[in-house]
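Colleague: Task: produce atomic coordinates for the following.
(chains A, B and C)
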Amino acid sequence: MSGMRVNKYWSVAVLALLVLVLPRFVPSYAAFELTFVGAYAIGILGLVILTGTNGQISLGHGAFFGIGGYAVAILAQKLGVPFWASVPLAAIVSGILGLGLGLVALRLEGVYLALATFALAVATPSTLKHFKSLTGGSQGLAVPSLSPPGPLHGVITSEQWLYYVTWVIAGALFLLTSIALGGRLGRALRAIRDNEVAAISFGVNPQRYKTFAFGWSAAYAGIAGAIVAIATGFVSPDTYTVALSLALVTGAVLGGIDTLWGALLGGVIVEFLPLLVQKINPAAPSVVYGIALVLFMIFLPGGIARSIQAVIHPLRLRREIHHARS
Amino acid sequence: MNELAQQIVSGLATGSIYASMALALVLIYRSMGVINFAQGEMAMFSTYLAWQFAQQGMPLWIAFPLTIAIAFAGAVALERVVVRPVERAAPLTVVILCLGLLITFNGLAGWIWGYTVRTFPSPFPTTPLHIGSAAFSSQDLGIIAVSLLSLGAISLFFGKTKLGLAMRAAALYPESSRVLGVRVGWMLALGWGMAAAVGALSGLMVAPVVLLEPNMMQGILVYAFAAAVLGGIDSPVGAVVGGLALGVGLNLIGAYVPVIGTDLQLTTAFGIIIVILLFRPAGLFGRRTMRRV
Amino acid sequence: MHVRNRPLAATLAACFALSLGVGAFAPAAADEPGITPTEILLGGLHPYSGPASAYGAIGKGILAYFAYVNDKGGVNGRKITYKDLDDAYSPPQAVQLTKQLVEQDKVFAMFDTLGTPSNLAIRQYLNDNGVPQLYVATGASTWGSDGAKYPWTIGWQPDYQSEAIVYARYLLKEAPNAKIGVLMQNDDYGEDYLTGLKTGLGSKSGNIVKVATYEVTDASVASQVASLKAAGADTFFVFATPKFSIQALVAAAQQSWHPRTFFNSVSASATILGAATKAGGEDATKGLITTQYLKDPSEPSWADDAGMKQYREILAKYAPGADPNNGFFAYGVSIAFTMVDTLKRAGKNPTRKAVMDIANHLHETDNFLVLPGIVVETTPKDRFPIDQQRLARYDGTHFVPFGEIYAGRGRGR
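Modeller: Next up is the predicted model:
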């Protein structure tokens, strides 16, 4: 067991080092793409908490993405709030709205929750458009770019700076999540997912935990949306269509919805899978995408992370599956 | 007054579109307890098949039944091959699989037939009819009539035939049905097939109005969800009433409630889904009792 | 990234060219990104997936025309390679793909990226880096009017505002006291049209009695049409994409509403009007007015036109399976013609700057799909390549042009 933990620390350390030095070796646009990977990974981490750990389905996280993005745009443009303050504010705003939806979600289970959140995802763009004075309507809003602080000016580009900021945030959130899910909170969330009645008998209040998980997860999506908005330099309703929500869920499921590594892989998938499927079939990329999803659900429903683990630690996985089933 | 009548009549016409799609959703729900997110795209794909047949010169009275038969057989095959392996998996797995099918059918249709908007031959005359000052087309009337007919057929099937009863039993009590000799797996496949057939029929009816293109069902699907929830997700009668009520309601809101207007209709549909699920989860006609674990 | 003086690299490139046996005396302009002795590399973005994928046909039309030009020997000895990617109409994707095209693929210029949001999202970046953003496929007016701030960006088609201005001028002459009802898509495209209409009506913009909007997710616009009729409008403006335009015409006919109808050029093709006539009867379409600037491939009266024949041949050979009656293909071919024309005039050693300069001094009279009499023309002060349009009336089967050629922005001829 301790050997495994050492292994884990090593892999995290190697990953951190990689993140640190990567911009030296890859072109600027690649660092830019990796910024998106980091942002999507944060958003999917929220789904790992909500869906993977707590068992609540959300097909509407694109809405919180949008709230994060618009929060940063509106704060920056109308009030001149700087980045370091607007991103946490974006997290708070979408977190609060997430808590609200979480209260509703208490009454909905499984497929009903999927349905309601799907409707939310579809309704997001037209709702954003409606509040024109705030959101700029269909024209959208410009988001000022993030330039590196004084001493670093000229040393690194603003793209590289955003890359580092994103990955520091991502690293912090992954660490926080890892600790939280490894402790009491994680146990309670998992207990509720596996058997709500049993969880109650252990003194866990499912309503409070489930609502909290929704808010927590939405806050992550808000941060991710804020970063994407800054990287894009622009927010518009067309960005937050149902396709974005579905991409996030897809990334989570393909990566592995119940592990932190799955979130990271999910970020990579959301960013690069569209490019890959374009190469496979430029005429109809979505056909490849859709078929891949179907095949994954049939053959590898645990996602890539679980499949890799199955190769590396077959015994441990079998035990975990056993736990999940019982 | 004049406008009010017209808004109600055209609301009924649009509502019948939602109703016919909602009916297919309800069927799947009754047979499997899942919501098929790919329902709309499967209907769209079937409608393209009918269009293709008509292009080849096949008369409509052959092309339509043929399409419905293909949709039925295709969905049964799809259930056996693709859905079967995940039947017992977590709801999320089934949901994602359906989304995968949604994306695939949408992409396939675009790939094969392109994204150009096409008119679709209507089995009904196009001349407008008048009730007082309000005008509507016989097409609209046709959609409503066909929805009601399929509703009647479905009610008879589930209520009066042995097969229908077996299907309901298989969905509600799979284990005991198996003991009683019901082939549960096939019942589920039949459920998919029937839903696809009703969906295809719905596509054929609405395509002359909303016009044929790969994305024709995407907006409609959410309204159909809302209609199904409104009526009670396991009630075919509810689906039809819910669809019509939603169509009329949204039209009236769009025309007379400027705060919401015509641009927040999807948001309203989302709100309806939430409110109904929260306060009256059985909908207007459903018998579902909230499962308490 | 962009180094002007690279003797070593140039020598190496020359050696490489030699070793391949390609023209030993290659032009020396090899240090401009995206330009090699044998190739000009252009980048572009179109939605090939997602809700706007109908516009993907434009990209395919462009590829067909470039293939045709390449088969004829290319542009000043170079073949055009067009790297056209799918941005699914999503601005974040557009930004990433653009950076990839500029920094990894080192495209010479971006050409015909589709959609206002995507183009707005990439404009600052391209201008910061001095990469031409040529002939964007959107009708927003900002591409032409903000040239001082964004000199590397230019549009092509008539902007929606000036089209609406043309209608307004005509209407003011015909019926100065018309009661106007507007049906528009609820986005930047619809809004640009409405702005133009109000500008054109000037002090008479009070004539607009009702504006009804629809969303692309709506099943039907019958309700909106009923509201417009009930508001007492006698003049109907349809600012909608083909699907909803057909629905609007059919709904009006069914509700026995027969207003004077203006129909945005976005949807005005003979195929679409034919479809609306079939579904709603002759009353639904007869007499409606639109503007035109391209030849409509689905309009039978162009069948014997030399330009149209050429278009059909190109499509048959280089985009087999494409439906030539789809106006988006024609749009693609026509805009690609202007691009090729621009590159040709940039000479043997094209630079980004030179190409931009030419884009600001267009005078193209031979674009074979643009209507006769309309010139694709720009000056540094007037950066709207096509701003002339002609009014046409639908007689039940054909568009019949009438009146003079209008210039929406008042440039005149």
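Colleague: what about the helices in the stretch 251-400 of chain C?
Modeller: C:270-280, C:306-318, C:327-345, C:352-359 (DSSP state H, counting those that start in this stretch).
Colleague: what does chain B give?
Modeller: Remark: helices assigned in chain B by DSSP state H are B:2-32, B:39-55, B:60-78, B:91-113, B:138-160, B:162-172, B:174-179, B:184-210, B:218-231, B:236-256, B:265-279.
Colleague: Turn the ones you listed into TSV, including mean neighbour count, mean pLDDT and distance to chain C.
Modeller: Where C-beta positions appear, they are placed from N, C-alpha and C, glycine not excepted. Shown next, in TSV, are the helices of chain B (neighbours: other C-beta atoms under 10 Å in any protein chain shown; pLDDT from 0 to 100; distance: least, C-beta to the nearest C-beta, whole Å):
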stretch	mean neighbour count	mean pLDDT	distance to chain C
helix B:2-32	25	86	3
helix B:39-55	24	95	11
helix B:60-78	18	95	15
helix B:91-113	23	90	6
helix B:138-160	17	86	9
helix B:162-172	17	85	30
helix B:174-179	13	86	36
helix B:184-210	25	90	6
helix B:218-231	28	91	3
helix B:236-256	24	92	4
helix B:265-279	20	89	6
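Colleague: Nearest to chain B, out of the helices of the stretch 251-400 of chain C?
Modeller: helix C:270-280 (4.2 Å; C-beta to the nearest C-beta).
Colleague: quick check, that closest one touching chain B?
Modeller: Yes. Helix C:270-280 is in contact with chain B by C-beta under 8 Å from any C-beta of the partner chain, via C:272, C:275, C:278-280.
Colleague: Domain map for chain C?
Modeller: According to automatic domain parsing, chain C comprises the domains C:32-158+C:304-381, C:160-292+C:390-407.
Colleague: could I get the residues of helix C:270-280 next to chain B as TSV with neighbour count, distance to residue A:96 and pLDDT?
Modeller: Shown next, in TSV, are the residues of helix C:270-280 next to chain B (neighbours: other C-beta atoms under 10 Å in any protein chain shown; distance: C-beta to C-beta, whole Å; pLDDT from 0 to 100):
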residue	neighbour count	distance to residue A:96	pLDDT
C:272	25	47	86
C:275	23	48	87
C:278	18	53	85
C:279	25	48	84
C:280	22	49	85
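Colleague: Tell me the pLDDT of residue C:175.
Modeller: Residue C:175 is assigned 93 on the pLDDT scale.
Colleague: again, but for residue C:329
Modeller: 93.
Colleague: was I right about it contacting residue C:321?
Modeller: No. Residue C:329 lies out of contact with residue C:321 (C-beta atoms under 8 Å); the separation is 11.1 Å.
Colleague: Close to chain C: what parts of chain A are there?
Modeller: A:27-30, A:32-33, A:36, A:122, A:126, A:129, A:137-140, A:228, A:231-239, A:241, A:243-244, A:274, A:278, A:282-286, A:289.
Colleague: just the helices in the stretch 101-250 of chain C please.
Modeller: Under DSSP H, counting those that start in this stretch, the stretch 101-250 of chain C gives helices at C:116-128, C:142-145, C:160-174, C:188-201, C:222-230, C:242-254.
Colleague: quick revisit: considering only the residues of chain A next to chain C, which also neighbour chain B?
Modeller: Among those, the ones lying near chain B by C-beta under 8 Å from any C-beta are A:122, A:126, A:129, A:283-286, A:289.
Colleague: Just the buried residues from those residues, in PyMOL please.
Modeller: To isolate the buried ones among those in PyMOL, judged by 16 or more other C-beta atoms under 10 Å in any protein chain shown, type:
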select buried, chain A and resi 122+126+129+284+285+286+289
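Colleague: For the ones next to chain B among the residues of chain A next to chain C, give me CSV that also has secondary structure.
Modeller: Shown next, in CSV, are these (DSSP: H, G, I helix; E, B strand; the rest coil):
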residue, secondary structure
A:122, helix
A:126, helix
A:129, helix
A:283, coil
A:284, coil
A:285, helix
A:286, helix
A:289, helix
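Colleague: circling back to that earlier point, Throw the helices of the stretch 101-250 of chain C into CSV and include distance to chain B and mean neighbour count, thanks.
Modeller: Converted to CSV, the helices of the stretch 101-250 of chain C look like this (distance: least, C-beta to the nearest C-beta, whole Å; neighbours: other C-beta atoms under 10 Å in any protein chain shown):
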stretch, distance to chain B, mean neighbour count
helix C:116-128, 17, 23
helix C:142-145, 23, 22
helix C:160-174, 19, 22
helix C:188-201, 11, 22
helix C:222-230, 3, 27
helix C:242-254, 4, 27
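Colleague: would a markdown table of these with distance to residue B:262 be doable?
Modeller: Supplementary listing: the helices of the stretch 101-250 of chain C in a markdown table, determined by distance: least, C-beta to C-beta, whole Å:
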| stretch | distance to residue B:262 |
| --- | --- |
| helix C:116-128 | 22 |
| helix C:142-145 | 27 |
| helix C:160-174 | 20 |
| helix C:188-201 | 12 |
| helix C:222-230 | 6 |
| helix C:242-254 | 12 |
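Colleague: Please tell me how far residue A:112 sits from chain C.
Modeller: Residue A:112 is 22 Å from chain C, where distance means C-beta to the nearest C-beta, to the nearest Å.
Colleague: would you say that residue is within a helix?
Modeller: Yes. Per three-state DSSP, residue A:112 lies within a helix segment.
Colleague: Quick check: the spatially closest residue to residue C:60 that is not a sequence neighbour vs chain B, distance?
Modeller: Distance criterion C-beta to C-beta, 6 or more residues apart in numbering or on different chains; nearest residue to residue C:60, sequence neighbours excluded, is residue C:319 at 5.5 Å. For residue C:319, the distance to chain B equals 12 Å [C-beta to the nearest C-beta].
Colleague: In contact with residue C:373, which residues are there?
Modeller: C:388, C:390, C:405 (C-beta atoms under 8 Å, 6 or more residues apart in numbering or on different chains).
Colleague: switch the cut-off to 7 Å
Modeller: When the contact criterion is C-beta atoms under 7 Å, 6 or more residues apart in numbering or on different chains, the partners of residue C:373 are residue C:405.
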